[in-house]
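**Q** this one's structure only:
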């Protein structure tokens, strides 16, 4: 059912004339007449009784007119609210974020951001699985790495983030510290898997080292916890372990060797998703991420 047809009915009832309704809506009387006919056919009943000089609502038309006005009013109010939310930092943000960084760093920042903008609502998905922004009810996602889908809009939050090889001091005390990347083959390496792919090829510049160990998880936070417990060596995003490195809970290893980039992006399906709330969140996160490395 077309809202234009409902408008014709409302204006015709108010003015008592299809011609007057047509003038108000800047359409021809013929178009207005077709709109009423289309509406009556869809509803299976007469809405108006028309003659050459007068027009009146049938009982069914009078009853339906109330609902037509309510529907048009609700649609207009919805349009105003959407427009208001696009002008204000308000409404709902549906966000997906990675587990380790999300739980241990971003969650607290999101609480601070929400406190600054009390009109916001947050729907949060925490997972290391890549969210399908076109099929899942997720508006934006925070992701490591450049998205493979070039149709997505990817805004850099921390483009210079790198991976870091790290282990707990008590692991190093027991097993020694590797002096070169190929010595990782002699250590228990803690691996992350995404889907069916296990990330056991650790990159150092142009060199890739195949590693192995007795623990693999699809949750990056589990890998970090294993490293903290001294169970092996991990190859983590530096943002995930920055606090642990500063506190001495983890030690950075092989610092002289370049590691794989792990840029953090805010990703959305199209630029219409960049509401004032999303843009404000992006700027807020960039500021917080800058503080982490200072």
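**A** Happy to help now that I have it. It should be emphasised that the depicted structure is a prediction, and the values quoted were computed from it without experimental measurement.
**Q** longest helix anywhere in the chain?
**A** In the chain, ranked by residue count with DSSP state H as the criterion, the top helix is helix 59-87.
**Q** pLDDT (mean, whole number) over that helix?
**A** Averaged across helix 59-87, pLDDT comes to 83.
**Q** how about stretch 193-208: buried residues?
**A** Of the residues in stretch 193-208, those with enough neighbours to count as buried (16 or more other CB atoms under 10 Å) are 199-200, 202-204. Bear in mind the C-beta positions are built from the backbone N, C-alpha and C, glycine included.
**Q** Now do residue 93 against residue 104, distance only.
**A** With distances defined as CB to CB, to the nearest Å, the gap from residue 93 to residue 104 amounts to 20 Å.
**Q** more neighbours, the two?
**A** In terms of neighbours (other CB atoms under 10 Å), residue 93 is the more surrounded of residue 93 and residue 104; the figures are 22 against 16.
**Q** Identify the residues contacting the more buried one.
**A** Taking CB atoms under 8 Å, 6 or more residues apart in numbering as the contact definition, residue 93 lies against 120-123, 139-140, 277-278, 281.
**Q** Report the angle between the helix or strand it falls within and helix 59-87.
**A** In the assignment (DSSP states H and E), residue 93 maps to strand 91-97. If you take axes from the mean of the first three to the mean of the last three CA atoms, to 10 degrees, strand 91-97 sits at 60 degrees to helix 59-87.
**Q** Partner strands of strand 91-97, with direction?
**A** Strands flanking strand 91-97 in the sheet, each with its direction: strand 120-126 (parallel), strand 140-144 (parallel) (DSSP bridges).
**Q** Now do the helix or strand that the shortest one is followed by: which elements does it pack against?
**A** Spelled out, that is strand 140-144. Following the chain from strand 140-144 toward its C-terminal end, the next helix or strand by DSSP H and E is strand 153-158. Contacts defined by 3 or more CB pairs under 8 Å, 6 or more residues apart in numbering; DSSP states H and E place strand 153-158 against strand 264-268, helix 276-293.
**Q** what about 10 Å?
**A** Contacting strand 153-158 under the criterion 3 or more CB pairs under 10 Å, 6 or more residues apart in numbering; DSSP states H and E are the following elements: strand 140-144, helix 238-247, strand 264-268, helix 276-293.
**Q** quick one, which of those is nearest to residue 69?
**A** Across those, the minimum distance to residue 69, taken as CB to CB, is reached by helix 276-293, at 31.9 Å.
**Q** Relative to the whole chain's centre, how far out is that closest one?
**A** With CA atoms, centre = their mean, to the nearest Å as the basis, the distance from the averaged C-alpha position of helix 276-293 to the chain average is 15 Å.
**Q** List the buried residues for the helix or strand bottoming out on mean pLDDT in the chain?
**A** Least confident helix or strand, the chain: helix 59-87 with a mean of 83, by mean pLDDT, DSSP states H and E. Within helix 59-87, the residues that qualify as buried are 61, 64-65, 68, 85, counting by 16+ other CB under 10 Å.
**Q** and of those residues, the nearest to residue 30?
**A** Out of the buried residues of helix 59-87, the one with the shortest distance to residue 30 is residue 61. That distance is 20.2 Å, counting by CB to CB.
**Q** Residue 147 touches residue 156, doesn't it?
**A** No - using CB atoms under 10 Å, residue 147 makes no contact with residue 156, being 11.8 Å away.
**Q** Find residues that contact each of these two.
**A** Common contacts of residue 147 and residue 156 (CB atoms under 10 Å, 6 or more residues apart in numbering): residue 265.
**Q** so where is the stretch 101-250 of the chain shaky, pLDDT-wise?
**A** Within the stretch 101-250 of the chain, the ranges that satisfy pLDDT under 70 run 130-138.
**Q** re earlier: please identify the deepest-packed of the strands paired with strand 91-97.
**A** Here the criterion is mean neighbour count by mean count of other CB atoms under 10 Å, and of the strands paired with strand 91-97 the winner is strand 140-144, at a mean of 22.
**Q** could you check the angle helix 276-293 makes with that one?
**A** 30 degrees.
**Q** what about strand 140-144, distance to the chain center?
**A** Centroid displacement of strand 140-144 relative to its chain, using CA atoms, centre = their mean, is 7 Å.
**Q** same thing with stretch 42-50?
**A** For stretch 42-50, the separation from the chain centroid amounts to 46 Å (computed by CA atoms, centre = their mean).
**Q** Spit out the contact partners of residue 162.
**A** Contact analysis of residue 162 by CB under 10 Å, 6+ apart lists 237-239, 258-263.
**Q** Next, format the residues you listed as CSV and append distance to residue 182.
**A** Formatted as CSV, the entries for those read as follows, by distance: CB to CB, whole Å:
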residue, distance to residue 182
237, 23
238, 22
239, 27
258, 15
259, 15
260, 16
261, 21
262, 22
263, 27
